[in-house]
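1. Let's see this in three dimensions:
(chains A and B)
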Amino acid sequence: MSKFLFVVPPFFGHISPTLSIGASLISRGHEVKWLGVTPLAAHHIPPGGEFIYPEEDLVEHQEELQRILKRQDDGPACSGPEVMKLALEETYVPIARIMMEGLGKFVDYWKPDVIVNDCISFAGALCAHIKGIPCVTTTPVPPDVMGDTANSAPKIFEWQEKLIKGLQQEFGVYTDDIVIHSHQLNLVFTSQEFAGIKAPLPHMKFVGPVKGRPNQAAFDWERLERSEFPKVFVSLGTLLVDIRAAFFQKLVEAFANAPLTIIAATSPDIFEQWPDNFIVSSFVPQAELMPKMDVVICHGGFNTVNDTFINGLPMLITPIAYDHFHTAKLIEDAGCGIKIRYKRLRIEDLKKAVFELLENPSYRSAALRIKETFIHAGGNEKAVQLLEEFIAMESIPTDF
Amino acid sequence: MDTVVSAAKLNSNEIFDLMKQFITEVIGEEFVEEMDITLESSFTKDLEMDSIEIVSFSEKIKIHFGEKIDFTGWLSGMDIDQLISLNLGMIVNFIEECQ
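-> This next block holds a predicted model:
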């Protein structure tokens, strides 16, 4: 049995699929731990696993870290190139820098057989490279978000390379290679068909959505069962706190007392009163809820996108920032949903889109086609198989 | 119609008006009404154009001016800070110089 260390960023959307895979690895008898720069509530951790929060090594970085986390609220107001800069230069690279010391110490202490770094947690692969530990990367979003910058925007590419190589050099890695991702195995939690990637590099393995992370959120199932109208699930994910009220205000205006039941995953506190046809709950058992829905509205957070299409549901995607636009384009290309950019979202269009998704079967059948590709990708089972094969390969002695 | 390739050179005011027209066509009149479009308006920040809108804006420039103005090529040569600070005035100047 092997020891897996998942290195994760302080963003739940990225952590979530690693919790599902981790649960599967634990059930196969492996030892699994996570390491991140913000604590994770115990109820999220699969039984038998452990989340390492290297608090002492983070003390001197705490102020910077809080500033980085706060800065994420600016994302929705940023333009495309600003978001790129916010993400890479102001978030991923500094978080990697902040993480290195505590991560390095823990790796020396626990000696994992594999480090599994999330695609934006550069420290994981960098540390693995430095210490000669096999490394796998997990990618919860469709890859290729920034496009082929090497050819289409050479100066952007140069800027990305410079930032990443600068980080590598700070930690004594002077290679011309980029070592912040695994070049051996990269698990991507979507299907190749949905991601629209014709010829992926051989180490990119599209395993589709994974499931099984602990989620004990309570839900008023009886109230849901009583509703006779089509059910629309609405989620804005865990980030984007500042625009939450504005977003749900539009939904209330569009659908108050419409012949629909709206299941809104948000804190009910944002409004004093909700219309009678809204079921509002901060935390929902999303995976169990989704099969009972008819349409999903979301901004394009990737876990909700996966939960939607693994259930073959059509989606209204209202991209706000980050990779949402890329995801929206994939959804339009697949024909399984409608995109209305959040900043251009009109109440009338919102209504029209939802009823179009409910009444026009083409969206549903396209969503069912995506579902097939997701199931075919293999999910948890495939991911675990790839990880176990990877370990077996890596542990063959090369010096005999 | 914007499919007519105009032979006459436009002055900067005319280019500015044309750009405003393209922007309106791309993002929709009612959203433009809420904006005060000036030469200082930054492309991505003030006009809030996303990449898909920028692509359709570029298409309009191409259709109108033809191959002599390589707007997409010009954009792709920019670094991240140039892209962030790109404003309408810079685009007007670029087109004026290329004509």
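
2. Identify the spatial nearest neighbour of the residue of the stretch 101-250 of chain A found nearest chain B, chain neighbours not counted.
-> Using Cβ to the nearest Cβ, the closest approach of the stretch 101-250 of chain A to chain B is made by A:Lys155 at 4.0 Å. Where C-beta positions appear, they are placed from N, C-alpha and C, glycine not excepted. Leaving aside its sequence neighbours, A:Lys155 sits nearest to B:Asp79 (Cβ to Cβ, 6 or more residues apart in numbering or on different chains; 4.0 Å).

3. Who are the contact partners of the one you found?
-> B:Asp79 is in contact with A:155-156, A:158-159, counting by Cβ atoms under 8 Å, 6 or more residues apart in numbering or on different chains.

4. Can you select the buried ones from those residues in ChimeraX?
-> To isolate the buried members of the contacts of B:Asp79 in ChimeraX, using 16 or more other Cβ atoms under 10 Å in any protein chain shown:
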select /A:155,156,159
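
5. how many other residues sit next to residue 96?
-> Looking at chain A here, since you left the chain open. 28 (other Cβ atoms under 10 Å in any protein chain shown).

6. ah, no, chain B please
-> B:Glu96: 15 neighbours (other Cβ under 10 Å).

7. and what of A:His376?
-> 14.

8. residues in contact with it?
-> Counted by Cβ under 8 Å, 6+ apart, A:His376 has contacts A:191, A:208.

9. and chain A, which of its residues are near chain B?
-> Remark: the part of chain A in contact with chain B comprises A:78-82, A:84-85, A:152-156, A:158-159, A:319, A:325, A:329, A:341, A:343-344, A:346, using Cβ under 8 Å from any Cβ of the partner chain.

10. List only buried entries from those.
-> A:78-82, A:84-85, A:153, A:155-156, A:159, A:319, A:325, A:329, A:341, A:343.

11. could I get the contacts of B:Asp79 as TSV with secondary structure, pLDDT and distance to A:Phe206?
-> Converted to TSV, the contacts of B:Asp79 look like this (DSSP: H, G, I helix; E, B strand; the rest coil; pLDDT from 0 to 100; distance: Cβ to Cβ, whole Å):
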residue	secondary structure	pLDDT	distance to A:Phe206
A:Lys155	helix	89	31
A:Ile156	helix	88	26
A:Glu158	helix	92	29
A:Trp159	helix	93	28
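
12. What is the nearest of the contacts of B:Asp79 to A:Ile270?
-> A:Ile156 (36.9 Å; Cβ to Cβ).

13. how many neighbours does A:His203 have?
-> A:His203: 15 neighbours (other Cβ under 10 Å).

14. near chain A, which residues of chain B?
-> B:27-28, B:30-31, B:42-45, B:48-52, B:76-80, B:82-84.

15. Mind doing that once more with 10 Å?
-> B:27-28, B:30-31, B:42-54, B:72, B:75-86 (Cβ under 10 Å from any Cβ of the partner chain).

16. Cross those residues against helices and list the overlap.
-> B:27, B:30-31, B:51-54, B:72, B:75-76, B:80-85 (DSSP state H).

17. Taking those residues, please make a PyMOL selection of just the buried ones.
-> Restricted to buried positions by 16+ other Cβ under 10 Å, the PyMOL selection for those reads:
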select buried, chain B and resi 27+31+52+53+54+75+76+80+83+84
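
18. Beyond the helix or strand hosting A:Glu372, next helix or strand please.
-> Taking DSSP states H and E as the criterion, A:Glu372 maps to helix A:361-377. Following helix A:361-377 in sequence order, the next helix or strand is helix A:379-394 (DSSP H and E).

19. For that next one, name the packing helices and strands.
-> strand A:3-7, helix A:12-27, strand A:114-118, strand A:135-139, strand A:186-188, strand A:204-206 (3 or more Cβ pairs under 10 Å, 6 or more residues apart in numbering or on different chains; DSSP states H and E).

20. Sheet-wise, list the partners of the fifth one with their directions.
-> This points to strand A:186-188. strand A:135-139 (parallel), strand A:204-206 (parallel) (DSSP bridges).

21. residues of the next helix or strand after the first one that come out buried?
-> Going down the chain from strand A:135-139, the next helix or strand is helix A:149-152, by DSSP H and E. By neighbour count, and taking 16+ other Cβ under 10 Å as the criterion, the buried residues in helix A:149-152 are A:Thr149.

22. to the chain's geometric centre, what's the distance from helix A:149-152?
-> 25 Å (Cα atoms, centre = their mean, to the nearest Å).

23. go on, stretch A:282-293?
-> The answer for stretch A:282-293 is 17 Å, by Cα atoms, centre = their mean.

24. Could you do stretch A:168-175 as well?
-> 28 Å.

25. could you dump that stretch to PDB, C-alpha only?
-> Extracted C-alpha coordinates of stretch A:168-175, given in PDB (Å, rounded to 0.1, in the frame of the first residue of the first chain):
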ATOM      1  CA  GLN A 168      11.500  27.500  -9.600                       C
ATOM      2  CA  GLN A 169      14.800  29.400  -9.400                       C
ATOM      3  CA  GLU A 170      13.900  30.900  -6.000                       C
ATOM      4  CA  PHE A 171      14.000  27.300  -4.800                       C
ATOM      5  CA  GLY A 172      17.200  26.400  -6.600                       C
ATOM      6  CA  VAL A 173      15.700  24.700  -9.700                       C
ATOM      7  CA  TYR A 174      17.600  26.000 -12.700                       C
ATOM      8  CA  THR A 175      16.200  23.800 -15.400                       C
END
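
26. what about chain B, any weak spots by pLDDT?
-> B:1-7 (pLDDT under 70).

27. A:Val173 against A:Lys131, yeah?
-> No. Checked against Cβ atoms under 10 Å, the pair A:Val173 and A:Lys131 is beyond contact range at 11.4 Å.

28. who's in contact with the residue sitting nearest the centre point of chain B?
-> For chain B, the residue nearest the mean C-alpha position is B:Met19 (4.9 Å; Cα atoms, centre = their mean). The contact partners of B:Met19, taken as Cβ atoms under 10 Å, 6 or more residues apart in numbering or on different chains, are B:37, B:39, B:41, B:43, B:57, B:60-61, B:88-89, B:91-92, B:95.

29. try 7 Å
-> B:88, B:91-92 (Cβ atoms under 7 Å, 6 or more residues apart in numbering or on different chains).

30. Tell me the one of these nearest A:Ala125?
-> Distances from A:Ala125 to those, taken by Cβ to Cβ, are shortest for B:Ile91, at 39.9 Å.

31. Now do the SS call for the residue nearest to the closest one when sequence neighbours are not counted.
-> Spatially, and ignoring its direct neighbours in sequence, B:Ile91 is nearest to B:Met19 (6.2 Å; Cβ to Cβ, 6+ apart). Taking DSSP: H, G, I helix; E, B strand; the rest coil as the rule, one finds B:Met19 in the helix state.

32. hmm, which helix or strand of chain A has the shakiest average pLDDT?
-> Here the helix or strand of chain A ranked lowest by mean pLDDT, DSSP states H and E is helix A:149-152, holding a mean of 76.

33. can you name the two of the contacts of B:Asp79 that are farthest apart?
-> It's A:Ile156 and A:Glu158 that sit farthest apart of the contacts of B:Asp79, by Cβ to Cβ, at 7.2 Å.

34. between those two, what contacts are shared?
-> Counting by Cβ under 7 Å, 6+ apart, nothing touches both A:Ile156 and A:Glu158.

35. Just give me the neighbour total for the closest residue to A:Glu90 other than its chain neighbours.
-> Setting aside the residues directly before and after it, A:Glu90 is nearest to A:Arg71 in space (Cβ to Cβ, 6+ apart), at 6.0 Å. A:Arg71 has 14 neighbouring residues, counting by other Cβ under 10 Å.
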